[in-house]
Every structure is written in C-alpha cells, then in structure tokens.
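Everything below, folded, please.
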Amino acid sequence: MKAKKMRRICLTIFFYCTLSFSASCTEFVNIFFVQIDGLHQADGGGRYDKIISLINTKIPFEIRVYPPKRAFSLFDKCLVCCISPVNKNTDFYQYIGEDYIQSKPMNVAKIYIFTKPNTKVINSLEELKTLRVGARSGMPYGQKIENSGIEFKFLPTIKNNIIMVLNNRLDAFIAYVPDAYKIFEQLELKAFPHDIENPVSVHEDSLVCKKSNSTMELINDANVVISNIN
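Purely as a prediction, here's the structure:
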C-alpha cells in the first residue's frame with residue numbers, strides 16, 4: 001500500500017509540473033527495476049525494493065518492474081531515468097562515461113554454473129561447450145560468458161531452467177546468486193551442484209541513472225541509505 005501511495009504522489013507532482021510548465025518543478029524520474037525474485041518484485045517485497053523504499057528524497061519518481069529485456073529497452077530509450085540492479089562495468093553494460101552515474105553497490109551478485117543433482121561441480125566455461133546449457137533470457141552475463149561460444153538455451157526464468165534440468169532437457173544452467181538461491185528455496189530444493197568458492201563472474205548490483213540534476217540528487221540520497229545499511 002505504501003508503494004502504491006508513493007507512486008500516486010509522484011504522478012500527481014509530475015502532472016502538475018507538466019501542466020503548469022513551471023521552471024521550478026523538479027524533473028520526474030522513472031526507475032526501472034529488473035524483475036528478480038527476492039530482489040526486485042512487483043509487490044515491492046524484494047531486498048533491493050526495501051532499500052530503495054528507504055530513500056528520503058524530494059525528487060518525484062515512479063518505480064516500474066519489468067522482465068529484463070523490457071526494462072533495459074525502456075531505460076535505453078528514456079531521458080530522465082534509472083535502472084536497477086546494474087553497474088557501469090563495461091564487461092556487462094555500455095553505460096559508460098559522464099552521461100551515466102552509479103550508486104554505491106547494494107550487494108554483489110555472482111554468476112555460477114549449476115549442474116544436475118549428483119553430478120560433478122563445473123566452474124569452467126570450456127566444459128559447458130559439449131553440454132545442453134540454459135540461461136535466463138534478457139540478463140547480462142558479461143563478455144566472458146557471452147563470447148564463450150556456448151550455445152545457450154534461453155528461458156524466461158531461473159525456475160524454467162531448474163525444471164528443464166530436472167526433466168533431463170538441460171545438463172546445466174548459469175544464473176546469478178542470490179537470485180538462484182531464492183528460486184531453489186521457493187521450490188523447496190537443495191541448490192544444484194556449483195563451485196561456491198569460484199564464481200564465473202562477479203557483478204555489483206547498483207542503481208544506474210542517466211545524468212541530470214534530479215538523478216544526481218536521487219543517487220546522493222540513495223547512497224546515504226546504502227551506506228547506512230552496509
């Protein structure tokens with residue numbers, strides 16, 4: 001209810017500014033969340049949702065939660081906006097230079113290779129080239145993985161990948177943690193074999209915005225919350 005109320009307030013401010021053409025009105029900011037169970041959820045109950053809900057800011061904004069491909073597409077096209085969870089690491093994204101600003105990391109995500117239950121742990125991409133390997137569609141996995149030559153079967157969710165492995169239609173899949181752990185927990189399954197000490201890649205989960213007066217203030221306000229939590 002609190003999230004819905006905040007969105008209504010933000011929209012009211014936005015339409016007031018639009019209609020009045022007042023120079024004193026602050027830019028309205030759209031924030032696009034990549035839907036990830038346990039982190040960014042439509043019900044606002046994810047870990048990162050709760051962090052951002054604590055931001056005390058005068059900047060009017062609206063949060064929208066979308067599947068990965070849709071969220072990234074909207075961010076690429078917008079003018080005054082932010083997206084989470086991403087970063088300015090050029091191995092993963094093209095959000096480079098002074099046109100983009102990044103918050104402090106809310107957490108660090110790690111990419112692992114998950115194999116069938118009761119099989120050996122794999123931490124080498126080379127070993128996957130002869131296997132049937134899944135991944136979540138629309139997610140950025142970094143150049144190391146994306147240029148590995150592996151022919152991935154892309155599925156809408158991590159849950160789909162887990163089910164395909166259980167049904168012997170995949171031999172393994174790659175996924176971020178803590179994302180994958182949350183889905184295993186929901187399915188009441190023990191996490192499939194993976195080399196917990198050796199992730200394939202490591203990724204900072206931050207809020208990235210296209211630079212403007214409003215987004216700079218929003219990032220500063222977000223950093224206060226993130227610093228207090230971490």
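
List of residues touching stretch 146-159?
By C-beta atoms under 8 Å, 6 or more residues apart in numbering, the surrounding residues in contact with stretch 146-159 are 37, 67, 125, 128-129, 132-138, 161, 164, 170, 173-175, 179-180, 183, 186-187. All C-beta atoms are positioned from the backbone trio N, CA, C, and that covers glycine.

Would you mind checking the residues you listed for buried ones?
Among the contacts of stretch 146-159, those that count as buried by neighbour count (16 or more other C-beta atoms under 10 Å) are 37, 67, 125, 128, 132-136, 138, 161, 164, 170, 173-175, 179-180, 183.

if you look at the contacts of stretch 146-159, which of them are in strands?
Taking DSSP state E as the definition of strands, the contacts of stretch 146-159 contribute 133-136, 173-175.

so which of the residues you listed would you say is closest to Lys58?
Distance to Lys58 across the ones in strands among the contacts of stretch 146-159 (C-beta to C-beta) is lowest for Arg136, with 36.1 Å.

Okay, and the beta partners of the closest one?
Taking DSSP bridges, one obtains Leu155 as the residues bridged to Arg136.

dump the residue contacts of it.
If a contact means C-beta under 8 Å, 6+ apart, then Arg136 has 68, 154-158, 161, 175 as its contacts.

how about 10 Å then?
For Arg136, the contact set (C-beta atoms under 10 Å, 6 or more residues apart in numbering) comprises 36, 67-68, 152, 154-161, 173-176, 179-180.
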